[in-house]
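**Q** Structure for the following, please:
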Amino acid sequence: MVTAEKLYEKLKAIHVGNPICQFTKENCELLLPAIERIEKLKHEKNAIILAHNYVAPQIFYSVADYTGDSYGLSKKAKESDADVIVFAAVRFMAETAKILNPKKIVLDPNPNGGCSLADGITNTDVINLRQQFPDHTFVCYINTTASVKAECDVCVTSSNVYKIIEKIPNDKIYFLPDKLMGENVIQNLKTKGVNKNIKLWEGTCYVHEEYQPENIDQVRKNFDGIEVLVHPECSSAVVNKADYIGSTSQMLNHVRKSDRDSFFLLTECGLTGVLQSEFPQKTFAGGCTMCKYMKSNSLEDILNVLENPSPKNIIKIDLDTQKRALQCVNRMFEYAD
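**A** Numbers count the residues shown, from 1 in each chain. Predicted structure coming up:
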């Protein structure tokens, strides 16, 4: 069981430019009653909590049983023997857990768990696209709903998108919904001499599309020797100036192995907070760019969903959609492993 002292030790190094991510010992003391109640309910209900790297640090470092990026958490959901899975992230991630575990109770505690990517395309859109491009393999980013995954052939995440699209035997690909990630894939394949006909949906992540190459230029000018880490949801103009491109967990692992002392991150600032906590001897810069959807998760909502979930908290997917979406997600594991 976490104590106020242990929690404060993890949170005190976090300074990402926003008051909601700055903590005192008194703050940690106030969080304890909810944390203790959540831990008790987890034990009673054989529940686990999965938390994405972007959620608030007081969740990440207190009640989460597993943390990581979307791919890592999908694997944990697939392997879990818990009866109840609480997914502190956004709605499409909880749906993915349900796709992988149709017989388990999957709970979404987030009252505002949308996503600009997942909300920007529907299964009807994909059905219509497949009629227009019948000879294309449809590849969906994991940031999509279960009904969209059910209409696609292969799912990918930011940690494996380059690898999987290169391995797909068909040279005709329709990638959705992230246009910027798709452009980065096309560019990456060309550097390897791989030519594929890749068509793209016009979606973007509202957080990552805001980053500009000038952000990197300015930081390099002011901080000699800083290493720039970029998420592949950023534009190609940004990615081209990066020292490392990867998912949130890949960035974390890269920092762990790097001999550099200072880093500039272009991704949602939740990861910057995690890195500040994990590597207090290193320096991390990054704009305080928050995902309003990820940061809508709270300890109070997790407690409420374990005590008395409402129908909107309980993930339900009809059997046909679940089976077809599962084929799409399982192909990801087949290609990635």
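
**Q** where does the closest residue to Asn304 other than its chain neighbours land on pLDDT?
**A** Counting by C-beta to C-beta, 6 or more residues apart in numbering, Asn304 lies nearest to Pro109, which is 7.1 Å off, once chain neighbours are set aside. All C-beta spots, glycine's among them, are computed from the backbone N, C-alpha and C. Note on Pro109: pLDDT of 97.

**Q** again with Cys21
**A** The model's pLDDT for Cys21 equals 64.

**Q** Tell me if I'm right that the residue nearest to Asn304 and Ala88 touch.
**A** Yes - Pro109 lies in contact with Ala88 (C-beta atoms under 8 Å); the separation is 6.2 Å.

**Q** what sits in contact with each of those two?
**A** Asn297, Ile302 (C-beta atoms under 8 Å, 6 or more residues apart in numbering).

**Q** hang on, the earlier thing: now do the SS call for the residue nearest to Asn304.
**A** coil (DSSP: H, G, I helix; E, B strand; the rest coil).

**Q** That one: how many residues sit nearby?
**A** 25 (other C-beta atoms under 10 Å).

**Q** contacting residues around it?
**A** Contacts for Pro109 (C-beta under 8 Å, 6+ apart) come out as Val86, Phe87, Ala88, Asn297, Ser298, Asp301, Ile302, Asn304, Val305, Asn313.

**Q** got the domain boundaries for the protein?
**A** Split into domains by automatic domain parsing, the chain comes to 4-112+294-313, 118-204, 208-285.

**Q** if I pick Ala150, what's in contact with it?
**A** Counting by C-beta under 8 Å, 6+ apart, Ala150 has contacts Asn123, Asp320, Thr321, Gln322, Arg324, Ala325, Cys328.

**Q** scratch that, Leu100 is what I was asking about
**A** Neighbouring residues of Leu100 by C-beta under 8 Å, 6+ apart: Ser74, Ala77, Lys78, Leu326, Val329.

**Q** one step back: among the domains of the chain, which is nearest Ala336?
**A** domain 118-204 (4.5 Å; C-beta to C-beta).

**Q** before we move on, the earlier item: reformat the domains of the chain as a markdown table; add distance to Tyr335.
**A** Formatted as a markdown table, the domains of the chain follow (distance: least, C-beta to C-beta, whole Å):
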| stretch | distance to Tyr335 |
| --- | --- |
| domain 4-112+294-313 | 12 |
| domain 118-204 | 4 |
| domain 208-285 | 16 |
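
**Q** out of the ones you listed, which comes closest to Glu334?
**A** Comparing these by C-beta to C-beta, domain 118-204 comes nearest, at 8.9 Å.
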